[in-house]
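> Below are the sequence and a predicted model; questions follow.
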Amino acid sequence: MSTEENKAIVRRLYEELYEKRNIAVVDEVFAPDYVRHMAFVGWQTSKLRGTEVYRNDMKHVWPTFPDLTVTVEQMIAEDDKVVTIAMLSGTQMGDEPGGPCGAIKATGRRVTVPIAIVSRLSEGEIVEDWESDNFGSFWQQLGAIPTPGQPVS
Amino acid sequence: MSAEENKAIVRRFQEEYLVGRNTTVGDELLAPGFHLKAAGVGWRSLQPPGSATMTRAMKAWWDAFPDLAAPIEQMIAEGDKVLVVSMMSGTHQADFLAGPAGPIKATGRRFTLPDMTVYRIAEGRIVEAWGSFNAGSLWQQLGAIPSPT
């Protein structure tokens, strides 16, 4: 696959997931042994594998942020990798256990945070992601941790 | 400049300036109008543009973490852009100014945190950067905030 083909696959994932709410796209895009590494203490690797990673995410993300939008701002591709820089934006209307906000009760607050993801592809499928998002700002925007000059709710 | 030349510029910037603290290299590789955007509420733009603002931001890290390291794990380049994935680590030996709501007093704790930064290069100098690291995890590792989730 060319870098342009790889970019199209990754772009399609975000369009289908976030514009069309089409979870079935994960069956086409992710390899069975797909894993995701999130930036926390070093890389925290998903316990789930394959299509279950995003299936499990979206089960919680969509009810928590019903108006969620993810807008791709930049894509950079070389060899088997595609970098996606996107802007995530949504209003926190839910607070399911296991969801993206954990114990934070529904606040009705709007959050806008950039996300940065490196995807590695093989034969037209995403096999591995590395993702670095600023959860500090996310929690601050929800009022869950202190922000300079603003009270904590 | 080729993507390989751009990667070499960014590698030198990372190793000699961000980690090596050689501000002469920072002044050389950052264009006068260099603009840093940090992941916050959307992209938080550091003002004014230029290398002095970057060095001021880096000083908060250099002072707090005398052993700051950030080996490069991945570089991905296309056109005029280079993404760097690096693994930052350091020991918190002096106050860290960039806490959630003010400085975090020295704790002696060690942190390990990935960083992803996209650099845009024009005519051999870095003109723009977008940095995304998980400040929430850093603050947790330094004990400044509980785990809210």
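Perfect, I can see it now. Residues are numbered from 1 along each chain as shown, chains lettered A, B, ... in the order given.

> where in the chain is pLDDT low?
The chain I'm using is chain A. Filtered on pLDDT under 70, chain A yields the residue ranges A:149-153.

> nope, chain B
B:148-149.

> Alongside chain A, which residues does it contribute?
Counting by Cβ under 8 Å from any Cβ of the partner chain, chain B comes close to chain A at B:3, B:39-43, B:74, B:76-79, B:81-83, B:85, B:87, B:100-102, B:111-116, B:118, B:130, B:132-139, B:141, B:145, B:148-149. From N, CA and C alone the C-beta is placed, and that goes for glycine too.

> Give the ChimeraX command for selecting the buried subset of those residues.
Buried residues among the residues of chain B next to chain A (16 or more other Cβ atoms under 10 Å in any protein chain shown), as a ChimeraX selection:
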select /B:3,39,40,41,43,74,76,77,78,81,82,83,85,87,100,101,111,112,113,114,115,116,118,130,132,133,134,135,136,137,138,139,141,145,148
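
> quick one: which of the residues of chain B next to chain A sit in helices?
The helices, defined by DSSP state H, take in B:Ala3, B:Ala135, B:Gly136, B:Ser137, B:Leu138, B:Trp139, B:Gln141 from these.

> Which two among these are spaced furthest apart?
Greatest spatial distance in those: B:Ala3 and B:Trp139, 35.1 Å, computed using Cβ to Cβ.

> and residue 110, what does it touch?
Reading this off chain A. By Cβ atoms under 8 Å, 6 or more residues apart in numbering or on different chains, the contact list for A:Arg110 reads A:Ser89, A:Gly90, A:Thr91, A:Gln92, A:Gln141.

> Let me rephrase: I mean chain B.
Counted by Cβ under 8 Å, 6+ apart, B:Arg110 has contacts B:Ser89, B:Gly90, B:Thr91, B:His92, B:Gln141.

> how near is the third one to A:Val113?
Which is B:Thr91. Going from B:Thr91 to A:Val113 by Cβ to Cβ, to the nearest Å gives 28 Å.

> Could you check which of these two has the larger neighbour count?
A:Val113 (23 against 15; other Cβ atoms under 10 Å in any protein chain shown).

> Touching, that one and A:Gly90? I think so.
No: the pair A:Val113 / A:Gly90 is not scored as a contact, 9.6 Å apart, by Cβ atoms under 8 Å.

> coming back round to it: next step: the contacts of B:Arg110 restricted to helices.
Counting by DSSP H, these place B:Gln141 in helices.

> could you dump the contacts of B:Arg110 to TSV with distance to A:Met38?
As requested, the contacts of B:Arg110 are exported to TSV (distance: Cβ to Cβ, whole Å):
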residue	distance to A:Met38
B:Ser89	17
B:Gly90	20
B:Thr91	23
B:His92	22
B:Gln141	14
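
> from the contacts of B:Arg110, which is closest to A:Gly98?
Nearest to A:Gly98 among the contacts of B:Arg110: B:Gln141, at 23.1 Å, using Cβ to Cβ.

> Skipping its backbone neighbours, what lies nearest that closest one in space?
Using Cβ to Cβ, 6 or more residues apart in numbering or on different chains and skipping the chain neighbours, the partner closest in space to B:Gln141 is B:Phe111 (4.1 Å).

> The one you found and B:Ala39, how far apart?
Separation of B:Phe111 from B:Ala39 (Cβ to Cβ): 17 Å.

> Start from the N-terminal end of chain B and give the strands.
Assignment of strands within chain B using DSSP state E yields the ranges B:30-40, B:42-45, B:72-78, B:81-91, B:110-122, B:125-133.

> got the phi/psi numbers for the residue in chain A that chain B sits nearest to?
Residue of chain A nearest chain B, by Cβ to the nearest Cβ: A:Gly102 (2.7 Å). With angles defined as degrees, to the nearest 10, A:Gly102 sits at phi 50, psi -120.

> Burial check on it, number of neighbours?
For A:Gly102, the neighbour count with other Cβ under 10 Å is 15.

> coming back round to it: wait, doesn't the residue nearest to B:Gln141 sit right on B:Leu138?
Yes: counting by Cβ under 8 Å, B:Leu138 is a contact partner of B:Phe111 at 5.7 Å.

> contacting residues for the nearest residue to A:His37 once chain neighbours are set aside?
Nearest residue to A:His37, sequence neighbours excluded (Cβ to Cβ, 6+ apart): A:Trp43, at 3.8 Å. For A:Trp43, the contacting residues are A:His37, A:Trp130, B:Pro114, by Cβ under 8 Å, 6+ apart.
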